[in-house]
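Chemist: Build the 3D model from these lines:
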Amino acid sequence: MLSLFPQLFGFAFPATGVLRVVVSIIFMIEGKRNFSNKPFIDTNPRVSYVKKTQAIIEVIGGSMLFIGLFVQPVSIILCLSLLIRMLFEHDIQSSDKRVCYYYLLLFVLTISFLFLGPGMYALDFPL
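Modeler: You can find the predicted model right below:
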């Protein structure tokens with residue numbers, strides 16, 4: 001394969017680890033923000049329960065991604081949580097598409113761990 005910098009292919013394993021850590025920090029920050037700052041008082045009690053459950057899943061999943069434990073199953077769970085957030089969250093304004101793009105980018109990065117594995121510096125090494 002022709003490449004401009006073929007020497008950089010050797011850094012794919014550490015780059016995946018760095019990407020995993022950055023995505024995990026984003027999930028932990030988002031989960032903490034959604035759990036602590038937003039009030040869960042809503043007209044529908046199911047909506048507040050789903051938001052609270054998503055925040056807990058994001059914090060626990062982000063911390064498991066951070067240490068690199070069960071990366072592939074956690075990435076599936078976090079992707080499902082992001083799909084629920086993208087499809088059923090009604091507080092996203094139709095004029096602000098950047099929030100949707102942010103969730104879509106985070107979804108693609110998270111689903112990539114299913115195929116790439118945990119990367120370097122993880123407790124869950126690929127076999």
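Chemist: For Ile67, list the residues it contacts.
Modeler: Applying C-beta atoms under 8 Å, 6 or more residues apart in numbering to Ile67 gives the contacts Ala122, Leu123. For the C-beta atoms, the positions are set from N, CA and C on the backbone; glycine is no exception.
Chemist: meant to ask about Ala122
Modeler: For Ala122, the contact set (C-beta under 8 Å, 6+ apart) comprises Gly17, Arg20, Ile67, Gly68, Leu69, Val71.
Chemist: Of the residues you listed, keep whichever come out buried.
Modeler: Gly17, Arg20, Ile67, Gly68, Val71 (16 or more other C-beta atoms under 10 Å).
Chemist: how about the contacts of Ala122, which pair is most distant?
Modeler: Greatest spacing in the contacts of Ala122, by C-beta to C-beta: Gly17 and Leu69 (13.3 Å).
Chemist: I'd like the distance between Gly68 and Met28.
Modeler: Distance, Gly68 to Met28, by C-beta to C-beta, to the nearest Å: 14 Å.
Chemist: Could you look up the SS state of Asp124?
Modeler: Here Asp124 is recorded as coil under DSSP: H, G, I helix; E, B strand; the rest coil.
Chemist: how many neighbours does it have?
Modeler: For Asp124, the count of nearby residues is 17 (other C-beta atoms under 10 Å).
Chemist: With Ile57 instead?
Modeler: 18.
Chemist: what sits against it?
Modeler: If a contact means C-beta under 8 Å, 6+ apart, then Ile57 has Gly31, Ile77, Leu78, Ser81 as its contacts.
Chemist: ok, and the closest non-adjacent residue to Ile26?
Modeler: Once flanking residues are discounted, Ile26 sits nearest to Leu106: 6.6 Å by C-beta to C-beta, 6 or more residues apart in numbering.
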